Each structure stands twice: as C-alpha cells, then as structure tokens.
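Engineer: Here is a sequence together with a model predicted from it:
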Amino acid sequence: MDLADARGATGLSHDRALYGLRIASEFPAPDLPPWSGDDRAVDLSIRIGRVPRLTNPVLDRPLLQADAEGLCRYAIPGVAAYEVSADGRQVVIEPDGSPTEAEIRTFLFGTVFAIVCMKRGLLPLHASCIRMGDKAVAVAGHSGAGKSTLAANLVARGFLLLADDVTVIDMSGEAPTALPAFPRVKLWRDAMDRLELAVDGLERARPTLEKYHVPVETAFCGEPLPLAGLIHLEPESQAPAGLRRLSAMEGLSRISAVVYRQQMMVRLGLRDQQMEQFLRLTSKLGGLRAMRRVAVPAELDALVDQMTALAR
Amino acid sequence: MGGFYWIASYPKSGNTWMRMLLASLQAGGAALSFDTRIAFAPVASHFADVEAVLDVEPTDLTADELAELRHDMAMLIAREAPEPQFRKVHDAWGRTPSGRPLFPPEVTLGTLYLVRDPRDIAVSWAHFSGRTVDETIAFLARPSQLSRLPTRASQTAQHLSTWSGHVLSWLGAEPTPLVLRYEDMLADPAGALTKAAHHLGLDTDPQVVASAVAATRFERLQAEEEEKGFEMGQMEGRNFFRRGEAGGWRDVLTAEQADRIVCDHGEAMERLGYLATPARSDAPC
C-alpha cells in the first residue's frame, strides 16, 4: 500500500469522534461516529507518513519503542508502524506491505489509542461498557475472558453499548466518566454462531482470523456517562454465579487484568498516574466487583438485575 | 538475569501431577488447594503473558506471528525477571517460522521432560477428550496442534508433532533435558521428585519430599476432584484424575490397537524402554 492510497480516495480529512476526542484523520475511519460535539479545535490528528524506527530509544521492545522525550513507535510487521507524539495529539501511520484497512484499524484502536489516552491523562480499561439507566457499567478482563460475548448478549437484550474491549475513563471530574468508543463489537465466529449472527459482508479484524467487526448500529450510546460499576470477569473462576465485592487489596491485586496494557503504561513512565487513577476509581465505585463467566441463560437474567442495581 | 525451567511433556503424561508435587515441595510439603488452579509453572504461552510482555492483544495476531514472538517473549522475560521462571510446556521442541528457537538455549536453566507409554496416553486421552480410542491413536500418529475454540482460548496454539516427533524433538533439545518416565514416578514418587527438584534447583529435603508425595497421592487428588472439581479442559462431566496407573492399556486396548501404536512409535518407545523386546518384525506395520 503506498502512502497516497492509504489516505483514501478523497484525501479529505475525516472529522470523527472517539472517547470524547475530536479526531481529524487522513486515514479512513468509517467505524468512528462523525464528530457532533462543540466546535473546539481538533484534539488528535491522524496522518499518513513515514514512521522510521527510533534511533535513540530508552524503551526498546519487540513491538514498542519510546525515546526520552516520550515519542512512541509501535509496529506490527506486515500491517503498519504507528508513531504517537509525546503529547498524544498526533498519530502517524505508515502501512507495511499490503494490509487491509481493517487490520490497520485493529491495532490503531487497540494499543495505539491506549498510548494516546494514557498520554492525555485518560485511563483505558480492558473492558466492555454498557449503559444501564443513566449510567454505565464496565466489565473488565483479559482477552478470552468473555467480555465481548457478554456485551453482545446484553446488546441482544436491548442494552446500549458504549465500548467493546477498551473502555476509556475520564477521571478529571468529580465522578468517573465512561467515554464512548465506536458502534461495533469484535466477535469470534463461534460466538457469532451461538448468537445466531450472520458473518456475510462483515469485516474481519485480520484477513486470516475468524474474528469479525460486528456493527451494533442503533444499539450504540455515543454520549459520555458516569461510571457506576466496574466488574472483573474471571475466566476460570470456581466462584458461585453473581457479583462479589472485592476488598481494596484484592481489587488492587487485579489491576493488571483491569487496566488496558497495564504494564505498558508503567513502562511508559506513567506508574504514578495509573496507580492514583485506579485507586481513586475503585474507591469512587465502592470497590471492584468480580464475577465468573456466565454459564447458563438464567445466570444472565440474575446478572442483568445485579448490574442494573449497581447503576441505581 | 533469570531464565527458564521448562516442565515439558506430551499431554496426559503426568505434567499436572509433577507440577503439583513441585508446588507442594515449594510450599514445604503442604496440601494443595483446588479452589484456585495450581499456580506453579503456568503454561509458557499464556495470553496474559503475551499481552503483558509484548504490549499486544494476542487474539489479534495470527498463529505464525504469535509463534515468532514467543522467542522474543522468552528472551524478554528472562532478561527482566530476576528469579528463575518455571513454565509448563506441551509444544514439541522446535523453532519459530523464521528459525529461532522457541525455547532459547541461552535462557534455559534446565528442562524436565516427562514421558509416558503412548498406549496408556491413548487410553487416558480418549477419556479426557471424548474421542474414540481409534481416533486418539490416529491423533498420536499425525502432526497435531493443541488448540481450543477461539472464544475459549487463553493460550497460543501449541505444535505437538506426533507423539514420536515430540519425544525425539525433546531428546535432541539443547540443553539436554532430564527425562522422567511417568511409570517411574508411580513406582517411586519420592525418588522421581528428588531427581526432578534437584535438576530444577529446588530444595530436596527428604522430609519435605515425603510430605509432598503424601499431599499429592492419587486417591487424595481424586477425592478432592470429586468434592471440588478440577477443570483442565477435559470433556464435560469427566474426571481429570482417572486411574493414575501404568499399564492400564492392557485392559482397554485391543491387540490390534496396541500393535498399531507400536507400529507408529516403535523407535521412540524402544528408546524410552517401553518395549521389552525390539518391535516385532512380524507386526502388521
């Protein structure tokens, strides 16, 4: 893919919204909702350009580099290299080989956006987020824990989705606020089959993976909402069904399963910011909750009641 | 700089039991809680490790990309963790798509390789997986992957090779592993644990070894599973701790099935002492 192609046919700047940020992107981002907020200046610009390896990195890992000024480079061979400016106000993308636009977005909206958020003082959680009444409830856990499947189940029951996989929290105000992501969930084929969703015409996260971007369209909530609860989804728990409130110490011990790219954030020099935000967040929410994977539909009914109660 | 001790085996060869013995040994011979899964020697390719070490969503990567990065992951963990790391491994010893070792010798402190008579593995795995014995025998004979449905996966797919291929890959690994037979573990658990612990740089106080052996006696594990359950990926409703014995295949396999396994794996079986006499030349191979 050459750089001109990557800019898309129009070459125009796409005015989009993600996590409450106003985004001007040279790179097509059709899954982001159009910006409908105030006429503020652009918060983040996404450009297409050269992204060479950093020559003087202080952090040098297989996929991620950072220099002393805070400039970051993240690269997935065969997909793209991404550069995030030190202030988190600009991302540059250089496609590598002939990737699909969808796979460029897969990593852009994953690790790369997490870096942007962290640099801007926002706290990304490895969580799906659902509107419950006038508030939001987030369900966090490692990949494979079942977050997206649970979110898709809740959407099928008529709840609105704020975010799938990554939920970004704004801790700058009095109450923690969940910021809306984009109107889609990422689902594996076998989960879609169980939910009786068709894969026809859907975009794959990667061309060779049976992981699809499933639009939720009208089931999307595009407005920021106060976060009322945060639940850790335990993948292999033997615990009984339902929500359990964890002590502050237990909650803290699960920070790596709840905060998105928790160790990366520490490596980027943001340990104090992360710890302060996480402790304040769990304290404001009356503690972190935990639950095991939903095994039978009856458990989902009970869980919905408990989640709704949390948001009251 | 730390490094790795790999506890490697083909599935159904006593890896879980050995890790329980070692976990108890490290805890001074204490009984093990089934309430949480055993924490000693987590699997080498767990997604949580991939995400934490490589800053990437493991399920966004292809199998080849993940396999390639496992070398980098091992090197990084060894560089950053000050203390030795213990990992469970079901992969065959081998290389990444670009040819780098999956288990880099320069960060390998030692390897324990557990083996078991493939005729018993066939019976055990048929029970575990819900496959027929014939399907299981065919599985042992073809180069296979260990993987779960994407929505249930918490670790990367693992290349097993055939049973013979697995054995020969680890026997030729660098550095050379300590090979322990499941049958010898059963016959003399204290002796086997002492050897294993010594190789892994762990304390081998005879009293503690005796306590660890007592804490993980088969009847005890079976009773505990009965009470609390032990989910290791086996087919729903089946026990993980089944019989805990050697030679049970004689009651289950037909002569033809047993012969087929010997045909498929005679060379490796002979090297491990599983054939009293060399493979019969009149066997219907």
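Structural biologist: Arrived safely. Fair warning: this is a prediction, and the values are worked out from it, not measured in the lab.
Engineer: Distance-wise, check B:Ser45 relative to A:Gly88.
Structural biologist: Shown here: B:Ser45 relative to A:Gly88, a distance of 32 Å by C-beta to C-beta, to the nearest Å. Where you see a C-beta, it was placed from the backbone N, CA and C, and this is true even at glycine.
Engineer: Verify the assumption that B:Ala122 is located in a strand.
Structural biologist: No: read with DSSP: H, G, I helix; E, B strand; the rest coil, B:Ala122 is helix and lies in no strand.
Engineer: is it true that it touches B:Trp249?
Structural biologist: Yes: look at B:Ala122 against B:Trp249 with C-beta atoms under 8 Å: they come within range, at 6.9 Å.
Engineer: Name the residue of the stretch 101-250 of chain A that lies nearest to chain B.
Structural biologist: Across the stretch 101-250 of chain A, the shortest distance to chain B (C-beta to the nearest C-beta) belongs to A:Trp188, at 4.1 Å.
Engineer: In this structure that residue contacts A:Lys211, no?
Structural biologist: Yes: at 5.5 Å, A:Trp188 and A:Lys211 qualify as touching, with contact defined as C-beta under 8 Å.
Engineer: show me the contacts for the residue positioned nearest the centre of chain A.
Structural biologist: With the centre of chain A defined as its mean C-alpha position, the nearest residue by C-alpha atoms, centre = their mean is A:Val166, 1.9 Å away. With contacts defined as C-beta atoms under 8 Å, 6 or more residues apart in numbering or on different chains, A:Val166 is in contact with A:Phe109, A:Gly110, A:Phe113, A:Ala114, A:Pro124, A:Leu125, A:His126, A:Ala127, A:Ala181, A:Tyr260.
Engineer: Surely the fourth one is within a helix?
Structural biologist: Yes: the assignment for A:Ala114, made by three-state DSSP, places it in a helix.
Engineer: so it makes contact with A:Val259?
Structural biologist: No: taking C-beta under 8 Å as the definition, A:Ala114 is not a contact partner of A:Val259, at 9.5 Å.
Engineer: distance of B:Glu68 from chain A?
Structural biologist: In this structure, B:Glu68 lies at 9 Å from chain A, with C-beta to the nearest C-beta, to the nearest Å as the measure.
Engineer: Quick one: neighbours of that residue, just the number.
Structural biologist: 21 (other C-beta atoms under 10 Å in any protein chain shown).
Engineer: Need the nearest residue in space to it, chain neighbours excluded.
Structural biologist: For B:Glu68, ignoring the flanking residues on the chain, the nearest one in space by C-beta to C-beta, 6 or more residues apart in numbering or on different chains is B:Thr96 at 4.6 Å.
Engineer: Need the pLDDT of residue 280.
Structural biologist: Answering for chain A, as no chain was given. Residue-level confidence at A:Arg280 comes out at 97, pLDDT.
Engineer: nope, chain B
Structural biologist: Reported pLDDT at B:Arg280 in the predicted model: 56.
Engineer: returning to that earlier point: now the phi/psi pair for the residue nearest to B:Glu68, please.
Structural biologist: The phi and psi values for B:Thr96, taken as degrees, to the nearest 10, are phi -70, psi 170.
Engineer: Next, the contact list for it, please.
Structural biologist: Residues in contact with B:Thr96 (C-beta under 8 Å, 6+ apart) are B:Ala67, B:Glu68, B:Arg70, B:His71, B:Leu102.
Engineer: Please identify which pair of the residues you listed lies farthest apart.
Structural biologist: Spatially, the most separated pair among those is B:Glu68 and B:Leu102, at 9.7 Å (C-beta to C-beta).
Engineer: Quick one: the strands in the stretch 1-150 of chain B, in order.
Structural biologist: For the stretch 1-150 of chain B, the strands defined by DSSP state E, counting those that start in this stretch occupy B:4-9, B:85-89, B:108-115, B:144-146.
Engineer: what do you get for the stretch 101-250 of chain A?
Structural biologist: Across the stretch 101-250 of chain A, reading from the start of the chain, the strands by DSSP E, counting those that start in this stretch fall at A:123-132, A:135-140, A:161-163, A:166-170, A:177-179, A:184-188, A:203-204, A:211-215, A:225-234, A:244-245.
Engineer: again, but for the stretch 151-285 of chain B
Structural biologist: When assigned using DSSP E, counting those that start in this stretch, the strands of the stretch 151-285 of chain B occupy the ranges B:158-161, B:178-181.
Engineer: Give the pairing partners of the first one; include direction for each.
Structural biologist: I take that to be strand B:158-161. Applying DSSP bridges, strand B:158-161 is found paired with strand B:144-146 (antiparallel).
Engineer: got the buried residues for the partner strand?
Structural biologist: Applying a neighbour-count criterion of 16 or more other C-beta atoms under 10 Å in any protein chain shown, the buried positions in strand B:144-146 are B:Ser144, B:Leu146.
Engineer: try stretch A:87-100
Structural biologist: Residues of stretch A:87-100 classed as buried: A:Gly88, A:Val91, A:Val92, A:Ile93, A:Glu94, A:Pro95, A:Asp96, A:Pro99, A:Thr100 (neighbour count, 16+ other C-beta under 10 Å).
Engineer: Out of the residues you listed, the closest to A:Ile23 would be?
Structural biologist: Set against A:Ile23, the nearest of these by C-beta to C-beta is A:Val91 (9.2 Å).
Engineer: Mind checking which of B:Ala122 and B:Trp249 has more residues around it?
Structural biologist: Summary of the neighbour comparison: B:Ala122 and B:Trp249, criterion other C-beta under 10 Å, with B:Ala122 having more neighbours (28 against 19).
Engineer: Indicate whether the helix-or-strand element of chain B with minimal mean pLDDT makes contact with chain A.
Structural biologist: Sorting the helices and strands of chain B by mean pLDDT, DSSP states H and E puts helix B:218-228 at the bottom, at a mean of 78. Yes: for helix B:218-228, a contact with chain A is found by C-beta under 8 Å from any C-beta of the partner chain, at B:Lys228.
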